[in-house]
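Enquirer: Predicted model and sequence below, questions to follow.
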Amino acid sequence: MTPNKNSLITGLIILVFCFFALCSQAQIVSLQFPPTGFGPNTRILPNEFAGVVPAANWNLAPNTGTAGSGSLTNLIDSTGAATTIDLAYTSSQVNIPRSSSGIGTPNQKLFSGILRSGRGQPPVVPVTLDFSEVNIFPAYDLILYLSSTNIAGTISLNGGTPINISPTSPNSDNPYVFTEITPSSPVGNYIVFRNLTDDSPSIELSANGPFSNIGVSGLQIVAVPEPQTATLLLIGCLLGFQSRRRFSKRTVANA
């Protein structure tokens, strides 16, 4: 391969990488339910990266006293651009599951608040999350960050079979320790509903008792495949193509 052709392919790879790196961030939408009464130190700042899929520009649910219901329209993505995604939510209240002392990193901030189910007299008040216009992504993962004081409950998607959950208390580890909840392993601090295509998914989380402290601290909607994975796959294919061209050239030269 001539130096000019080699430089051309190398330049193409760099350009494609930069393009996908810029576009990938637009494929993540994140939301935090910040606590009430503790000021801005518990809220994820626009330039801070948080979550299992690290992203900036987290949306913040309205902080109006302890009201546990509200709505948001045109959630922004991780580049700060508005999307069509809307969310309406209900719960018993928004509060903080632990003292604000020790909250410093973005992931610690993520778990500082909780959209709570179960507080008050029976019957149990569930947390509901109703999304709309998520069709900006052909397929996506819905990640829910959960908090409790080791209280059990259930969570379901679109009225389906409830999954038993037992979220852990927020930790002070740095880097933050994320543990996924699965149907066979209910203990952890986040759960993922994968490869969704529904334009209007709904979530219901319910505590096992009325006087409980369990709920949702935040969420992410991540395009499938994840932006980082798609970029790496493309780069791998282009590098493989370049290597194959070099191998073919050598084979012809040695024939």
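Expert: Perfect, thanks for sending it. All values derive from a computational prediction rather than experimental measurement.

Enquirer: From here on, just use CA atoms for contacts and neighbour counts.
Expert: Will do.

Enquirer: How much space separates residue 133 from residue 55?
Expert: 21 Å (Cα to Cα, to the nearest Å).

Enquirer: So these two - more neighbours on which side?
Expert: Set residue 133 next to residue 55 and count neighbours by other Cα atoms under 10 Å: residue 55 wins out with 23 against 16.

Enquirer: Next, the contact list for the more buried one, please.
Expert: 25, 28, 30, 48, 49, 78 (Cα atoms under 8 Å, 6 or more residues apart in numbering).

Enquirer: Take these and write them to TSV, including distance to residue 42 and neighbour count.
Expert: What follows is these, written out as TSV (distance: Cα to Cα, whole Å; neighbours: other Cα atoms under 10 Å):
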residue	distance to residue 42	neighbour count
25	23	21
28	21	26
30	16	26
48	12	15
49	14	18
78	19	23
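
Enquirer: just for the chain, where's the confidence low?
Expert: Applying pLDDT under 70 to the chain flags the ranges 1-26, 37-39, 63-67, 96-102, 119-122, 150, 210-211, 226-255.

Enquirer: Can you get me a residue count around residue 161?
Expert: The number of residues near residue 161, taken as other Cα under 10 Å, comes to 10.

Enquirer: For it, give me phi and psi.
Expert: Backbone torsions of residue 161, given as degrees, to the nearest 10, read phi -60, psi 130.

Enquirer: what sits against it?
Expert: With contact set as Cα under 8 Å, 6+ apart, residue 161 has no partners.

Enquirer: ok, now with 10 Å
Expert: Taking Cα atoms under 10 Å, 6 or more residues apart in numbering as the criterion, residue 161 is in contact with 154, 155.

Enquirer: hang on, the earlier thing: the contacts of residue 55 in helices, which ones?
Expert: Per DSSP state H, helices hold no members of these.

Enquirer: Check these against residue 125 and report the nearest one.
Expert: Distance ranking of the contacts of residue 55 against residue 125, using Cα to Cα, places residue 30 first at 24.6 Å.

Enquirer: Chain neighbours aside, what residue packs nearest to the closest one?
Expert: residue 220 (4.3 Å; Cα to Cα, 6 or more residues apart in numbering).

Enquirer: what is that neighbour paired to in the beta sheet?
Expert: Applying DSSP bridges to residue 220 yields these beta-bridge partners: residue 30, residue 143.

Enquirer: contacting residues for residue 208?
Expert: By Cα under 10 Å, 6+ apart, residue 208 lies in contact with 117, 118, 124, 126, 151, 152, 153, 154, 164, 165, 214.

Enquirer: May I ask which of those residues has the most neighbours?
Expert: residue 214 (34 neighbours).
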